[in-house]
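Colleague: Provide a 3D model corresponding to the input given below.
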Amino acid sequence: MSDSRSSSRLVVDVLLYVAARLALVAAIAAVIVGVAHLLGLREFPIVVAVLFAIVIALPLGMWLLAPLRNRATASIAAVDERRRRDREQLQARLRGEEPPPSGDGT
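Modeller: Okay, the predicted model is just below:
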């Protein structure tokens with residue numbers, strides 16, 4: 001049960017982080033287009049605004065979205081640790097040895 005829960009949490013955390021990054025790019029692009037309209041540029045290319053927004057959102061997202069990124073990284077580390085532990089147990093059983101304790105009470 002814990003394995004599926006940690007995997008689903010990983011998916012949720014990563015999707016939330018990706019959605020936040022995309023929302024940040026969309027918000028910055030909207031601000032760029034809005035400022036262009038205020039300056040009288042009514043036909044400002046959306047592609048240019050999105051490209052500038054991506055460049056601006058890269059460093060800004062590292063700072064603003066740090067809690068989400070840390071949560072996603074922790075979820076990835078937990079799943080990676082579980083996989084490593086499972087692989088070690090499988091290799092020990094294949095060698096005919098007593099597998100190392102799982103550490104999760106099983």
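
Colleague: CA-only coordinates of stretch 87-97 in CSV, if you can.
Modeller: Taking C-alpha atoms only, stretch 87-97 is exported to CSV below (Å, rounded to 0.1, in the frame of the first residue of the first chain):
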residue,chain,number,x,y,z
ARG,A,87,16.7,-4.3,-5.9
GLU,A,88,19.2,-5.1,-3.1
GLN,A,89,16.7,-7.6,-1.6
LEU,A,90,16.1,-9.3,-5.0
GLN,A,91,19.8,-9.6,-5.7
ALA,A,92,20.4,-11.1,-2.2
ARG,A,93,17.6,-13.7,-2.8
LEU,A,94,19.0,-14.6,-6.2
ARG,A,95,22.4,-15.2,-4.6
GLY,A,96,20.7,-17.4,-2.0
GLU,A,97,21.5,-15.1,0.8
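
Colleague: buried set for it?
Modeller: Residues residue 89 are the ones in stretch 87-97 that count as buried (16 or more other Cβ atoms under 10 Å). Backbone N, C-alpha and C define where each C-beta goes, glycine included.

Colleague: tell me the secondary structure for residue 97?
Modeller: coil (DSSP: H, G, I helix; E, B strand; the rest coil).

Colleague: Enumerate every residue touching it.
Modeller: By Cβ atoms under 8 Å, 6 or more residues apart in numbering, residue 97 lies in contact with nothing.
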